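# Just a sequence and a predicted model for now, questions to come.
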Amino acid sequence: MLLDNLTETVSFIRSQSQVKPKIGIILGSGLGSFVQHVQVDAQIPFHKIPHFVSTSVEGHQGNLILGTLGKHSIVILQGRLHYYEGHSMDTVVYPTRTMAMLGIETLILTNSAGGFGETMQAGDFMIIEDHINLMGINPLMGPNLKQLGPRFPDMTEAYDKKLIEFMESSFNEMNLRYHKGIYCGVTGPTYETPAEVRYLKTIGGKAVGMSTVPESIAANHLGLRVAALSCITNLAAGFSRNKLSHQEVTDTAKKVETQFIDFLKSLLSKID
Ligand code: HPA
């Protein structure tokens with residue numbers, strides 16, 4: 001059933017564009033304008049794609065884009081699905097699986113996150129070295145489809161070391177401060193309590209967000225190389241004087257948009 005749906009989705013997308021992507025990028029809240037820097041061959045709204053579901057989150061456009069940037073053929077999800085929207089985990093990771101079936105080998109995940117690492121400030125970037133899944137669910141629960149991947153996928157190197165090195169080089173070349181750390185994935189949609197953030201710090205996290213972990217797990221299952229970057233749009237609850245709001249998240253993402261775009265371009269230029 002899932003495989004039949006994926007086959008149908010992929011043949012529809014292939015009917016819209018000749019681009020054969022090798023790299024996939026998922027753009028988080030407020031980071032969608034990267035697309036303006038891509039030679040777009042096809043831009044398809046999620047609702048036109050068979051078996052895709054539309055995203056309901058403000059700041060998430062909901063398009064699948066095929067195009068080229070420099071030497072690379074890429075597929076971009078401008079907007080993503082979140083578990084807190086009420087979707088099943090199968091639905092949340094369906095676009096990731098679609099990108100894998102389209103032929104990508106590398107997946108770049110981006111998100112907005114609340115930061116609580118030492119010296120973190122709103123507007124900073126954090127390279128995700130590893131994650132802690134605190135969503136209370138795993139997208140691979142249920143029968144395993146061995147055509148997608150193994151029953152018990154290894155997650156020792158969920159975030160590819162070479163891609164982490166490339167990201168560090170890009171930040172260094174751009175003279176941009178960055179952090180590296182563990183991303184804690186929670187369901188939301190509430191932001192955390194200060195006590196929860198203190199707990200996340202105790203267990204080794206530096207940032208918290210409501211996405212990325214499901215896609216990363218599904219991508220590792222599929223054997224993709226994964227890189228992930230958080231835009232620290234706010235200091236997490238208890239670390240900030242302000243009350244948290246989605247407005248602050250999208251405003252900060254907007255402010256660092258140019259840096260984010262330059263970073264992604266630089267990173268792509270380093271990938272073979
Ligand atoms: N917590 C959880 N998710 C987030 C945050 C946060 O502080 N900021 C952006 N996404």
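Yes, it's here.
# Provide a list of residue ranges in the stretch 1-150 of the chain with pLDDT below threshold.
57-60 (pLDDT under 70).
# Could you list the residues of it in contact with the ligand?
Ser112, Ala113, Gly114 (CB under 6 Å from any ligand atom). Using the backbone N, CA and C atoms, a C-beta is placed for each residue, glycine as well.
# tell me the SS of whichever residue of the chain sits closest to the ligand?
Closest contact between the chain and the ligand, by CB to the nearest ligand atom, is at Gly114 (2.1 Å). Secondary structure, DSSP: H, G, I helix; E, B strand; the rest coil: Gly114 is strand.
# neighbours around Met52, how many?
That one is not Met; residue 52 is Phe. Around Phe52 sit 23 other residues, with neighbours defined as other CB atoms under 10 Å.
# Kindly confirm whether my reading is correct that it touches Thr9.
Yes - using CB atoms under 8 Å as the test, Phe52 is close enough to Thr9 to be in contact (6.8 Å).
# who touches both of those two?
Tyr94, Thr98 (CB atoms under 8 Å, 6 or more residues apart in numbering).
# Could you check which helix or strand contains the residue nearest in space to the middle of the chain?
The centre of the chain sits closest to Leu109, judged by CA atoms, centre = their mean, with a distance of 2.8 Å. Per DSSP states H and E: Leu109 is located in strand 106-115.
# what helices or strands is the following helix or strand past that strand leaning on?
Note on strand 106-115: by DSSP H and E, the next helix or strand toward the C-terminus is strand 124-133. Applying 3 or more CB pairs under 8 Å, 6 or more residues apart in numbering; DSSP states H and E, one finds that strand 124-133 contacts strand 106-115, helix 161-174, strand 178-185, helix 213-221, strand 225-235, helix 257-270.
# The residue sitting furthest away from the middle of the chain sits in which helix or strand?
What lies farthest from the middle of the chain is Arg241; by CA atoms, centre = their mean that is 27.6 Å. Assigned by DSSP H and E, Arg241 falls within no helix or strand.
# Kindly state the pLDDT recorded for it?
Per-residue pLDDT puts Arg241 at 83.
# number of nearby residues for Glu215?
Neighbours of Glu215 using other CB under 10 Å come to 28.
# Disregarding residues adjacent in the polypeptide, which is nearest to it?
Distance criterion CB to CB, 6 or more residues apart in numbering; nearest residue to Glu215, sequence neighbours excluded, is Thr96 at 4.6 Å.
# helices or strands next to the one helix or strand the one you found maps to in the packing?
Using DSSP H and E, Thr96 sits within helix 89-101. Contacts defined by 3+ CB pairs under 8 Å, 6+ apart place helix 89-101 against helix 2-16, strand 23-27, strand 72-78, strand 106-115, helix 213-221.
# Tell me which of those lies nearest to His37.
For His37, the closest of the helices and strands packed on helix 89-101 is strand 72-78, at 10.5 Å, according to CB to CB.
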